[in-house]
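# below is the sequence, then the predicted model.
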Amino acid sequence: MTVHIIPGRAYDSNIFIITGSEPTIIDTGTGQNRTHVHNEIRKYVDPLIITQIIFTHEHFDHTGGAKAIFDLTEQQTRIISHPYAKEKVEQGTSMFARMLGATMPKIKVNTTIDDGDTIQIGDDNFNVINTPGHTPGCICLYCIETKTLFSGDTVFSHGSFGRTDFPGGSTNQLIASIKRLTQLDIENLYPGHEAVIQGGGNNHIALSFQSINSLY
């Protein structure tokens, strides 16, 4: 599996491009740095062959750029999210976007995925894990074969974890979600923000679990 990373700029999330038989983009940033993002996408893949864009959750910093990337693919790609996230992005409302003086483009979600589902990304199959806490619509994507986790804003590297003070957030749910991730065998950790970890991902998940339990 080949993962290309567009590190987040300013308020953007990290954006991941996975090549293979199902070329996929995971999260899209705010759209406020679209020229840079689109140029980076073109470095790694022909936008016209991207088959799917997956949201780890509905927040503007992860979904605001989706409409522009969808147009870059000539509107040929599928948009995929958790059902809770689908409702939010199709409404196109975001307090965070308004705080930044931006607007949240409405985007239609073609397919929803939820806990226990399996989805092909690149050349590998990933298990969908619903990890509420940051928002009810958070998902992580885990590949058993490559020991790879795309964690969105559930956990970050070096013991960090997602905020719970947004609408729908829950510290207790986030603790339970991170505890669930500690049961996985993770080498490669691709979080929604901060550094990517390639090798020893389990240690970072364990540290996040320790950190959140020490604070609450």
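The structure has been received and is ready for your questions.
# which residues does the residue nearest the centre of the chain contact?
Centroid-nearest residue in the chain, with CA atoms, centre = their mean: residue 56, separated by 3.3 Å. Residues counted as contacts of residue 56 (CB atoms under 8 Å, 6 or more residues apart in numbering) are 26-27, 62, 138-141, 150-153, 192. The C-beta positions use only the backbone N, C-alpha and C, and glycine is treated the same way.
# can you rerun that using 6 Å?
If you count contacts by CB atoms under 6 Å, 6 or more residues apart in numbering, residue 56 has them with 27, 139, 152, 192.
# buried ones in the helix or strand bottoming out on mean pLDDT in the chain?
Least confident helix or strand of the chain, by mean pLDDT, DSSP states H and E, is helix 95-99 with a mean of 79. Within helix 95-99, the residues scored as buried using 16 or more other CB atoms under 10 Å are residue 97.
# could you point out which element follows it?
Counting by DSSP states H and E, the next helix or strand C-terminal to helix 95-99 is strand 111-112.
# what's that following strand in contact with?
78, 80, 83, 86.
# now with 10 Å, please.
Contact with strand 111-112 is made by 52, 54, 78-87, 117, 119, 137, as judged by CB atoms under 10 Å, 6 or more residues apart in numbering.
# where does the chain have low pLDDT?
Within the chain, no range satisfies pLDDT under 70.
# show me what the strand ranked longest in it is packed against.
Counting residues, the longest strand found in the chain (DSSP state E) is strand 124-130. When contacts are defined as 3 or more CB pairs under 10 Å, 6 or more residues apart in numbering; DSSP states H and E, strand 124-130 packs onto strand 118-121, strand 139-143, strand 148-152, helix 171-181.
# quick one: the longest one to chain centroid distance?
Which is helix 171-181. Between the centre of helix 171-181 and the centre of its chain there are 17 Å (CA atoms, centre = their mean, to the nearest Å).
# so which residues of the protein form helices?
Using DSSP state H, the helices assigned to the chain run over residues 34-44, 60-63, 66-72, 83-91, 95-99, 171-181, 201-215.
# mind listing what residue 172 touches?
Contacts of residue 172 (CB under 10 Å, 6+ apart): 132-133, 164, 216.
# tell me how far it lies from residue 117.
Plainly put, residue 172 is 24 Å away from residue 117 if you go by CB to CB, to the nearest Å.
# which of the contacts of residue 172 tops the neighbour count?
Highest neighbour count within the contacts of residue 172, by other CB atoms under 10 Å: residue 133, with 25 neighbours.
# what about the closest residue to residue 105 other than its chain neighbours, distance to residue 28?
What sits nearest to residue 105 in space, not counting adjacent residues and going by CB to CB, 6 or more residues apart in numbering, is residue 67, at 3.8 Å. Between residue 67 and residue 28 the computed distance is 9 Å (CB to CB).
# the more surrounded of those two?
residue 28 (28 against 21).
# so the more buried one sits against residue 62, correct?
Yes. Counting by CB atoms under 10 Å, residue 28 touches residue 62, with 6.7 Å between them.
# give me the common contacts of the two.
12-13, 15, 55.
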